[in-house]
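**Q** Below are the sequence and a predicted model; questions follow.
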Amino acid sequence: MATPTKPQRSPDEIEDIILRKILLVSLSEPPTPSPQIVYLEQTAAELLSECRPFLISSDITERVLIDRLSASPPPQPTFRYLLSCYSRCLDELKKISSMRDPAVRSRIDKSVRNLRKLILSYLRIHVGNPDLFSPGLPAQPAADLLALIFSEVSGPVDGFSGDSLVGNLTAPPGFLEEFFKDADEDSLEPVMLGLYEKLKQSVERTSALGNFQQPLRALRLLVGYPNCAKALVNHPRWIPNDKIMFMGDGRVFEICSIMGAFLHVSAIPDKLFTSNPDVGQQCFSESSSRRPADLLSSFTTIKTVVNILYDGLGDVFLTLLKNVEIREKVLEYVAEAIKRNHARSGIQVDSRSCASSGMFVNLSAIMLKLCEPFLDGSQTKREKIDPSYILYNNRFDIRQLTAVNASSEQISAWIESANNENTEDTASLDNRRMESEEASSSGSSNADAPLLSQGKTLIKKDKYSFICECFFMTARVLNLGLIKALSDFKQIAKALANMEDDLEALRGMRGQGASPQIEQDIQRLEKEIEMVSQERLCIEAQILRDGDFLQRALSFYRLVIVWAVDQVGGCKMPLPSSCPREFAFIPEHFFDDAMDLLILTSRIPRALEAFALDDFLNFIIMFMASPSYIKNPYLRAKMVEVLNCWIPHRSGFSATASLFEGHQLSLDYLVKNLLKLYVDIGFSSSNTQFFDRFNIRHNIAELLEYLWEVPSHKNALRQIAKEEEKGVYLNFLNFLINDSIYLLDESLNKILELKQIEAEMANTAEWERRPVQEREERTRTFHSSENIARYEMKLANEDVGMLSFTAEQIPAPFLLPEMVDRVASMLNYFLFQLAGPQRKSLTVKDPEKYEFRPKQLLKQIAEIYVHIARGDKEGVFAEAISKDGRSYNEQLFATAVNILWKIGADARVIEEFIQLGAKAKAAASQAMDTEAALGEIPDEFLDPIQYTLMKDPVILPSSKVSVDRAVIQRHLLSDNTDPFNRSHLTQDMLIPNTELKLRIEEFLRTHKVQSSSIGVDDMVE
């Protein structure tokens, strides 16, 4: 008996079976209800009324799907149902491929593919409008979609805290690409609105040790789809306009923008919003007691994760920028971040008004990555950096920043004239004299400021190249980010050192009957030190330990200075007499930031290895002594600090020696420019910068001492001293003497103050009878004075050492008429302090603690006397020593000699010192005889400043007062003004008073006084 054959199904029936299987629906009421299969009663009724068979076909799939999605209550959440339908489509397509009948296979394949597109379309609708289906029921399709993305991008280790964001949903193969890539802009926009909001929430308040990597990979995935990238920059939270009470625009920008949430991820603590996990607490708690290996491990971990962050964010921005349609909005985002956070450049930053330091450090790293293609600094790429961007760009205002050599009024006036055809011609305006605060070493007038030359023609452009935009934005971001963070680091380190000193002082009071308040202060300080230490180490971990980050920043600033040098015609000396306009308008912080970064990296071991520094050296030598190009003397002083860091024994690697010993520009100009800057700082210092000048000139002096060991530089210094005996070198010596007197005097006074407090503390009975508060106050004063004494004595020692060095090598300038009296009185004063009656009062418990070495100082003072005396062929030095009525007496020299023998000074120096003392004694005796012979001197012959008989009277052109030439020349070494009315005055303006000089000479003849006895020249004879 034959087996009955299975009835052959029609193509319509096959299609119906497969579509029902995918959609889990039925058009006929099943005898046994299934929880998964939904009976579509409404669709069945419609087919019946249309006289159609109860078969699902391609043309009614949308009606069927809508009916299924409208089921109430739904058997499963809408998103998951549609996702499962998509998966079943994939499964069925695999099976369809094995159908034998080509016609049926083609028809069914097409029908399933159309259904798959329909499912995707309704998935987008559902994600964008969660309440459209099953209203009133909780639904978070955006969260489900994000979970699918997280599962797609998940890695083996996501976050050190184990907080993986992967849920129980897995995306079917190809689902995400088809969902995003094939969607049109209108259907995708509502989807991305909620999705980006959820993505932002997933990374908020996450630190560098949290799971930021999954959200970041998700963001990278999304922006890889052009429509999603476009949706991101069109999102209301791309550049938010929210207003939050008590918060400034900068902070609101960070916490409300989508990218702000990612940029906030950092190892650097945010004082306003705490991130989790706490990096400082987790990695650096009780750091002082932790093993170095543990700290190194923490540093390595943080460096690793923040570089993952930099790479991810850099890829996101780069992907967005490559899309020409949205590039403008990406640049607008960066510009808006700069504009809203301009206050971050201030010394004190309000954390409620400005974005966090972490955000801007991250943005700094991103901008540097974007700059990498043109950091090689090739000429063709540099030419795309248009200086007119400073004047004309409409993204953010650079013009209001302090320029290196132009005021904001000058910039505005030039722009106005360039834009108005009826104003004065451009060349006329460009020849206006620039305002300058310089006073040159030769004493030139402040009114004689340099001209602003026209330079290149600056044309306003409607659009600037990406290289140009990226260059200027990066410079601003670095100023607000990396450079500001490094400044904060220095301030934190300084504050930490002060707190530790205070803590040591408070602990020292415990044994002195300290009050309960002291114990509370100790506990408070210990907690503060712990918190501040953690913050310092976090910044160190993210920035200072990342050599690649620092080198990229250095490469950028190398481009900045090479580009700036291009604006003045390239690397050549001397510079043009007038500063080109395109250089004068450059923001000052461009160069200031470069110097700050060089100083910091020069002090980090191996940070500069294999990094070419020649371009930086060229820039420094060209501009360090050029106030007509860079007005700010303290910016130029930073250049010397950079050079100081490069002295080979400090830099730690010998490669820097070639910068000083084999660099032609250095050999030709470095010494002279150092001397000019040393003098310029003296003329430029204001009261508020009084103590800064000591550090600056100290750095210059140290560098000069090093250069003296280089034969070429030694010859250059000798040549300058010979050729400019009345110019820059004399000014240099004058300021060196001024500093030495002030510092040694102040430090010795502090020593006396410390000795007094030491004596008070040593008297235990009397000390303990004092009120606790008084003892605490005196102890704080003691520690404060210790720090000041140590600082001032250190500088005083070095300045005296420099005087000894210069007196030995080049003594002639010390013997000039305008210098010799000042030098003699200085040395006499030092000798009086160190060998006079009060020397024993300078004895303290631990002098070395304050770098107070009286024996060494006395030896150096004696050597300076002897060095100058060796060069004195006319006997003027001994005469000047004897004329000092304040400190000189012959017994002082005798006492000093006895001390020098006792402390083992060089015997030859002592012998020559004795001879000089004898000459001074003889000169004093002769001066007394001369004074007796002259009798009463007419007032008109006396110098009105020193009240001594004038030798070479000159008339001051403004006040018309006659003074002695040597006296006024000495005054002009420190102050370029008439001492009687403060009008400008230079040596070449002095008018010889020939008539008065002849009368003085006649007076001397009448009294039969030999000219040599008072120093009048041979004309008297």
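**A** Now that the structure is in, tell me what you want to look at. The shown structure was predicted, so the numbers you read here are calculated from the model rather than taken from an experiment.
**Q** who's in contact with stretch 386-401?
**A** 331-332, 335, 338-339, 408, 411-412, 414-415, 456, 458-461, 464-465, 468-469, 472-473, 476, 567, 582, 585-589 (CB atoms under 8 Å, 6 or more residues apart in numbering). Placement of C-beta: from N, CA and C, glycine included.
**Q** again with stretch 532-539
**A** 267-269, 279-281, 283-285, 287-288, 295, 298, 302, 357, 485, 488-489, 492-493, 495-496, 499.
**Q** Please export the alpha-carbon coordinates of stretch 69-77; PDB is fine.
**A** Provided in PDB are the C-alpha atoms of stretch 69-77 (Å, rounded to 0.1, in the frame of the first residue of the first chain):
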ATOM      1  CA  LEU A  69       2.200  46.300  19.200                       C
ATOM      2  CA  SER A  70      -1.200  47.600  20.300                       C
ATOM      3  CA  ALA A  71      -2.000  44.500  22.300                       C
ATOM      4  CA  SER A  72      -2.900  45.300  25.900                       C
ATOM      5  CA  PRO A  73      -1.300  44.200  28.100                       C
ATOM      6  CA  PRO A  74       1.700  43.300  25.900                       C
ATOM      7  CA  PRO A  75       3.100  39.800  26.500                       C
ATOM      8  CA  GLN A  76       6.600  41.300  26.700                       C
ATOM      9  CA  PRO A  77       8.100  44.800  26.600                       C
END
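**Q** how far is it from where the chain is centred?
**A** Centre-to-centre, stretch 69-77 and its host chain are 60 Å apart (CA atoms, centre = their mean, to the nearest Å).
**Q** For the protein, give me the ranges with low pLDDT.
**A** 1-7, 134-138, 156-167, 418-458, 509-515, 651-653, 684-691, 724-726, 931-933, 1008-1021 (pLDDT under 70).
**Q** for it, which helix is longest?
**A** helix 772-809 (DSSP state H).
**Q** just the buried members of the contacts of stretch 386-401?
**A** 331-332, 335, 338, 411, 414, 458, 464-465, 468-469, 472-473, 476, 567, 582, 585-589 (16 or more other CB atoms under 10 Å).
**Q** returning to that earlier point: in the longest helix of the chain, what counts as buried?
**A** Quick answer for helix 772-809 (16+ other CB under 10 Å): 775-776, 779, 782, 785-786, 788-789, 791-807.
**Q** before we move on, what about stretch 28-37?
**A** Neighbour count says stretch 28-37 has I37 buried, by 16+ other CB under 10 Å.
**Q** V25 is in contact with Q36, correct?
**A** No - here Q36 does not reach V25: they are 9.9 Å apart, not a contact under CB atoms under 8 Å.
**Q** returning to what we had before: just the angle for the helix or strand that the longest helix of the chain is followed by relative to helix 772-809, thanks.
**A** Beyond helix 772-809 on the C-terminal side, the first helix or strand identified by DSSP states H and E is helix 817-835. Interaxial angle of helix 817-835 relative to helix 772-809 (axes from the mean of the first three to the mean of the last three CA atoms, to 10 degrees): 130 degrees.
**Q** can you give me how far helix 817-835 is from the chain middle?
**A** On CA atoms, centre = their mean, the centre of helix 817-835 falls 42 Å from that of its chain.
**Q** For the stretch 801-950 of the chain, which segments count as helices?
**A** 817-835, 854-870, 876-883, 890-902, 907-934 (DSSP state H, counting those that start in this stretch).
**Q** er, the stretch 251-400 of the chain actually
**A** 258-263, 279-284, 292-322, 327-340, 357-371, 379-382, 388-392.
**Q** tell me which residues of stretch 997-1008 are tucked away?
**A** 997, 1000-1001, 1004.
**Q** what does stretch 232-251 give?
**A** For stretch 232-251, burial by neighbour count (16+ other CB under 10 Å) applies to 232-233, 235, 237-240, 247-251.
**Q** What's the first helix or strand after the helix or strand where D91 lies?
**A** In this structure, D91 sits in helix 78-96 according to DSSP H and E. For helix 78-96, the succeeding helix or strand toward the C-terminus, using DSSP H and E, is helix 102-128.
**Q** Which elements pack onto that next one?
**A** Using 3 or more CB pairs under 8 Å, 6 or more residues apart in numbering; DSSP states H and E, the elements in contact with helix 102-128 are helix 11-23, helix 61-69, helix 78-96, helix 141-153, helix 175-181, helix 185-203.
**Q** Give me the subset of the buried residues of stretch 232-251 lying in helices.
**A** Short answer: the buried residues of stretch 232-251 in helices (DSSP H) are 232-233, 249-251.
**Q** Tabulate the residues you listed (CSV), appending distance to K960.
**A** Below are those laid out as CSV (distance: CB to CB, whole Å):
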residue, distance to K960
L232, 76
V233, 73
D249, 60
G250, 59
R251, 63
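**Q** What is the nearest of these to Y310?
**A** Taking CB to CB as the measure, L232 is the one of these closest to Y310, at 19.5 Å.
**Q** Can you tell me how far the closest one is from T300?
**A** Counting by CB to CB, to the nearest Å, the gap between L232 and T300 amounts to 33 Å.
**Q** still on that earlier bit, can you tell me which of the contacts of stretch 532-539 are buried?
**A** In the contacts of stretch 532-539, the ones that pass as buried (16+ other CB under 10 Å) are 267-269, 279-280, 283-284, 287, 295, 298, 302, 357, 485, 488-489, 492, 496, 499.
**Q** Doesn't Q523 belong to a helix?
**A** Yes - using DSSP: H, G, I helix; E, B strand; the rest coil, the assignment for Q523 is a helix.
**Q** then stretch 601-615 to PDB, C-alphas only?
**A** C-alpha atoms of stretch 601-615 as PDB (Å, rounded to 0.1, in the frame of the first residue of the first chain):
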ATOM      1  CA  THR A 601      59.800  69.900  32.000                       C
ATOM      2  CA  SER A 602      63.400  70.900  32.500                       C
ATOM      3  CA  ARG A 603      63.100  70.000  36.100                       C
ATOM      4  CA  ILE A 604      61.600  66.600  35.400                       C
ATOM      5  CA  PRO A 605      64.300  63.900  35.000                       C
ATOM      6  CA  ARG A 606      64.500  62.700  31.300                       C
ATOM      7  CA  ALA A 607      61.500  64.800  30.200                       C
ATOM      8  CA  LEU A 608      63.600  66.600  27.600                       C
ATOM      9  CA  GLU A 609      65.700  63.700  26.400                       C
ATOM     10  CA  ALA A 610      65.700  63.400  22.600                       C
ATOM     11  CA  PHE A 611      63.800  66.700  22.300                       C
ATOM     12  CA  ALA A 612      65.400  69.400  20.200                       C
ATOM     13  CA  LEU A 613      65.700  72.700  22.000                       C
ATOM     14  CA  ASP A 614      67.500  74.800  19.500                       C
ATOM     15  CA  ASP A 615      64.400  76.600  18.300                       C
END
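**Q** what does it rub up against?
**A** With CB under 8 Å, 6+ apart as the criterion, stretch 601-615 contacts 544, 547, 550-551, 554, 558, 561-562, 565, 642, 645-646, 651-653, 655-656, 659, 663.
**Q** again with stretch 870-877
**A** Contacts of stretch 870-877 (CB under 8 Å, 6+ apart): 811-812, 814-815, 817, 820, 823-824, 868-869, 878, 912, 916, 919, 923, 1015.
**Q** If you count neighbours, what's buried in it?
**A** Buried residues in stretch 870-877, counting neighbours by 16+ other CB under 10 Å, are found at 872, 876-877.
**Q** What of stretch 74-92?
**A** 74, 77-79, 81-89, 92.
**Q** neighbouring contacts of stretch 796-814?
**A** 698, 701-702, 704-705, 708, 717-718, 721, 725, 729-730, 733, 736-737, 739-740, 743-744, 747, 819-820, 823, 830, 851, 853, 856-857, 860-861, 863-864, 867-868, 870-872, 877.
**Q** Near the residue nearest to R237 when sequence neighbours are not counted, how many other residues are there?
**A** In this structure, R237 finds its nearest non-sequential neighbour in I258, 5.0 Å apart by CB to CB, 6 or more residues apart in numbering. When neighbours are counted by other CB atoms under 10 Å, I258 registers 22.
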